[in-house]
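S.K.: Sequence below, structure please.
(chains A, B, C and D)
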2 protein chains.
Amino acid sequence: MMQASATTEQEAPSARQQAVLDAVLGLMVEDGEQLTMDAVARRASCSKETLYKWFGDRDGLLTATVRWQASRVHAGHDAAQVLDGATLRERLQDFAVTWLEVITGPTSVALNRIAIAHAGSHKSNLGGIVLANGRFAIGERVKPVLEAGRAAGLLTFADSEAAFRTFFGLVGRDIQIRLLLGETLDFDGAEIRRDAGRAVEQFLALYGQAKPDPNHQD
Amino acid sequence: MMQASATTEQEAPSARQQAVLDAVLGLMVEDGEQLTMDAVARRASCSKETLYKWFGDRDGLLTATVRWQASRVHAGHDAAQVLDGATLRERLQDFAVTWLEVITGPTSVALNRIAIAHAGSHKSNLGGIVLANGRFAIGERVKPVLEAGRAAGLLTFADSEAAFRTFFGLVGRDIQIRLLLGETLDFDGAEIRRDAGRAVEQFLALYGQAKPDPNHQD
DNA sequence: GGCGTACCGTACCGTACGGTACGCTCTCTA
DNA sequence: TAGAGAGCGTACCGTACGGTACGGTACGCC
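M.R.: Sure, this is the predicted structure:
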């Protein structure tokens, strides 16, 4: 039988399966509604039976889709150990820009909507997957940079998790929730860069050594 | 005929109607799923026919429920014109605590989930209502305080909207998205107060004048 | 060629749920 | 005390959708 290969196992989906998952993403983004098995089969030019053979059930298909999208996001990585102030600022700026680009993208909005709706009360938490590959993944990438900044005497904080969460808040502010709730704010690259720059400066003002900043308990 | 009274009109729902809407909220919170018209009727001990007569259709019922919940949140208001540093800090702390209590509450989580799912692609945007009564309502309440703080020489900023958004980000950070995606973080009052205090101090560090109150650590 | 496998397309089934119809009871008013 | 109306409970209808079955086609292998 050997079904549900892309769900139970972590094996990468085949090229054909990837095409199916891309069809799902396409439907999520542009349609938003009628994300139905029939619609997926039609869009991907495959039979529903194949869908069920490959992904088990609708939930499995959704889960595989979320994983598939997540697997693309992990790109660009880190190798700088020695940090000076300019490099630190630049690294943080990069993270902020990347993050803003992700959360303002239509795919992220659609996927988060699905996952949140799902989280209401269901099996197989898509929410956990989205969280693991979004918020937590970027946290794990930012925190080493923060710690390197601390090691270089550029930043001061006790808890890198807490510092990261502040960074996260300064970058994202109300943007994600507004988008999820249906507001149409459109950002061009320039605005994102400006926003990211503001967040980085604010973060450095709070945690940087340059300023006297005795008040953050956590 | 004269149906859909609680939907098309802004009239407050009758006591019986309020009970129905509370039943909807109850279902949303504890069940999360099977928010079906039958379930509502059963829970509220009313007939489906009455539901349709009062609220038009399922969407109308949801809209009325969101409005009903929103109508309760607006409480406590503002009258202090003359601000000193301690009062400003206290007001901001109050806002932060209130906001954190709201967004961590199960009702808010459930309601936002519904609204976000709805925002995917639908008529009658619940998202807009939630946004108007959540994020924007608190913005309209905080901004005058910020402006009073600026008038009193306690804060420096050009754009009160931008300042508020930073405050919003510092308070909420990643909490709302994590809750919406199904993570179970539980906050007690103490933790919320501590969190709110941290956010306020950070905000004042960013926007406060160089010499704030000497006695800030309460 | 014959056979198995993989897959497409489509018809089909069962059920959940939005929405409607109808009978019954209770209350209010004349 | 009779009639009207509001509203409860329940049976019912139509449809959308998750999931299954099955025939048909292409392709590899013996």
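
S.K.: I'd assumed A:I175 was in contact with A:L100.
M.R.: Yes. Between A:L100 and A:I175 there is a contact at 7.3 Å, judged by Cβ atoms under 8 Å. To be clear about C-beta, it is placed using only N, CA and C from the backbone, and glycine gets the same treatment.

S.K.: In contact with the residue nearest to the spatial centre of chain A, which residues?
M.R.: In chain A, the residue lying closest to the centroid (Cα atoms, centre = their mean) is A:G134, at 2.8 Å. By Cβ atoms under 8 Å, 6 or more residues apart in numbering or on different chains, the contact set of A:G134 is A:70, A:73, A:102-103, A:108, A:112.

S.K.: do A:R135 as well
M.R.: Listed by Cβ under 8 Å, 6+ apart, the contact partners of A:R135 are A:168, B:174, B:177-178.

S.K.: same deal with A:T156?
M.R.: A:150, A:207-209, A:213.

S.K.: Ranking by neighbours, what's the top pick from these?
M.R.: A:Y207 (21 neighbours; other Cβ atoms under 10 Å in any protein chain shown).

S.K.: That one contacts A:L155, correct?
M.R.: Yes. The pair A:Y207 and A:L155 passes the contact test of Cβ under 8 Å, sitting 4.9 Å apart.

S.K.: Between those two, which contacts overlap?
M.R.: Joint contacts of A:Y207 and A:L155 (Cβ under 8 Å, 6+ apart) are A:146, A:163.

S.K.: the strands in chain A, which residues?
M.R.: Counting by DSSP state E, chain A has no strands at all.

S.K.: Could you chop it up by domain?
M.R.: What automatic domain parsing lists as the domains of chain A is A:5-72, A:78-207.

S.K.: now the closest residue to A:L88 other than its chain neighbours: how far from A:Q209?
M.R.: Leaving aside its sequence neighbours, A:L88 sits nearest to A:G149 (Cβ to Cβ, 6 or more residues apart in numbering or on different chains; 4.7 Å). A:G149 sits at a distance of 9 Å from A:Q209 (criterion: Cβ to Cβ, to the nearest Å).

S.K.: And for A:M28?
M.R.: From A:M28 over to A:Q209 (counting by Cβ to Cβ), the distance is 45 Å.

S.K.: ok, back up a step: is the residue nearest to A:L88 in contact with A:F157, as I believe?
M.R.: No. Proximity of A:G149 to A:F157 does not meet the contact threshold set by Cβ under 8 Å, at 9.2 Å.

S.K.: who has more neighbours, the two?
M.R.: Here A:G149 and A:F157 are set side by side on neighbour count (other Cβ under 10 Å), and the busier one is A:G149, at 27 against 18.

S.K.: how close does A:Q202 get to A:G208?
M.R.: As for A:Q202, its distance to A:G208 is 10 Å (criterion: Cβ to Cβ).

S.K.: What of A:H118?
M.R.: With distances taken as Cβ to Cβ, A:H118 is found 40 Å from A:G208.

S.K.: Tell me the residues of chain A that contact DNA strand C?
M.R.: Counting by Cβ under 7 Å from any atom of the strand, the residues of chain A lying close to DNA strand C are A:16, A:41, A:44-50, A:53.

S.K.: now that we have those, which one has the most neighbours?
M.R.: Highest neighbour count within these: A:A44, with 20 neighbours (other Cβ under 10 Å).

S.K.: ok, for that residue, nearest residue in space, not its chain neighbours?
M.R.: A:A23 (3.8 Å).

S.K.: wait, doesn't the one you found sit right on A:M37?
M.R.: No. Using Cβ under 8 Å, A:A23 makes no contact with A:M37, being 11.6 Å away.

S.K.: coming back round to it: A:L100 and A:I175: who's more crowded?
M.R.: For A:L100 versus A:I175, the count of surrounding residues by other Cβ under 10 Å is larger for A:L100: 23 against 20.

S.K.: what are the ranges of the helices in chain A?
M.R.: For chain A, helices defined by DSSP state H occupy the ranges A:5-8, A:15-30, A:37-44, A:48-55, A:58-73, A:85-104, A:106-119, A:126-133, A:135-151, A:160-172, A:175-180, A:189-207.

S.K.: is it possible to export these to JSON lines including mean pLDDT?
M.R.: As requested, these are exported to JSON lines (pLDDT from 0 to 100):
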{"stretch": "helix A:5-8", "mean pLDDT": "45"}
{"stretch": "helix A:15-30", "mean pLDDT": "93"}
{"stretch": "helix A:37-44", "mean pLDDT": "95"}
{"stretch": "helix A:48-55", "mean pLDDT": "95"}
{"stretch": "helix A:58-73", "mean pLDDT": "91"}
{"stretch": "helix A:85-104", "mean pLDDT": "95"}
{"stretch": "helix A:106-119", "mean pLDDT": "94"}
{"stretch": "helix A:126-133", "mean pLDDT": "94"}
{"stretch": "helix A:135-151", "mean pLDDT": "94"}
{"stretch": "helix A:160-172", "mean pLDDT": "98"}
{"stretch": "helix A:175-180", "mean pLDDT": "98"}
{"stretch": "helix A:189-207", "mean pLDDT": "97"}
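
S.K.: for these, which one sits closest to B:A86?
M.R.: Across the helices of chain A, B:A86 has its closest neighbour in helix A:189-207 (21.6 Å, Cβ to Cβ).

S.K.: re earlier: residues contacting the residue nearest to A:L88?
M.R.: If you count contacts by Cβ under 8 Å, 6+ apart, then A:G149 has A:83, A:88, A:155 around it.

S.K.: again, but for A:S108
M.R.: Per Cβ under 8 Å, 6+ apart, neighbours of A:S108: A:102, A:134.

S.K.: same check, this time on A:L111
M.R.: A:25, A:28, A:65-66, A:69, A:130 are the contacts of A:L111 under Cβ under 8 Å, 6+ apart.

S.K.: DNA strand D contacts on chain A?
M.R.: Counting by Cβ under 7 Å from any atom of the strand, chain A sits next to DNA strand D at A:34-38, A:47-49, A:52, A:57-59.

S.K.: Determine which two of those residues are furthest apart.
M.R.: The distance between the two most remote of these (Cβ to Cβ) is 20.1 Å, for A:Q34 and A:E49.
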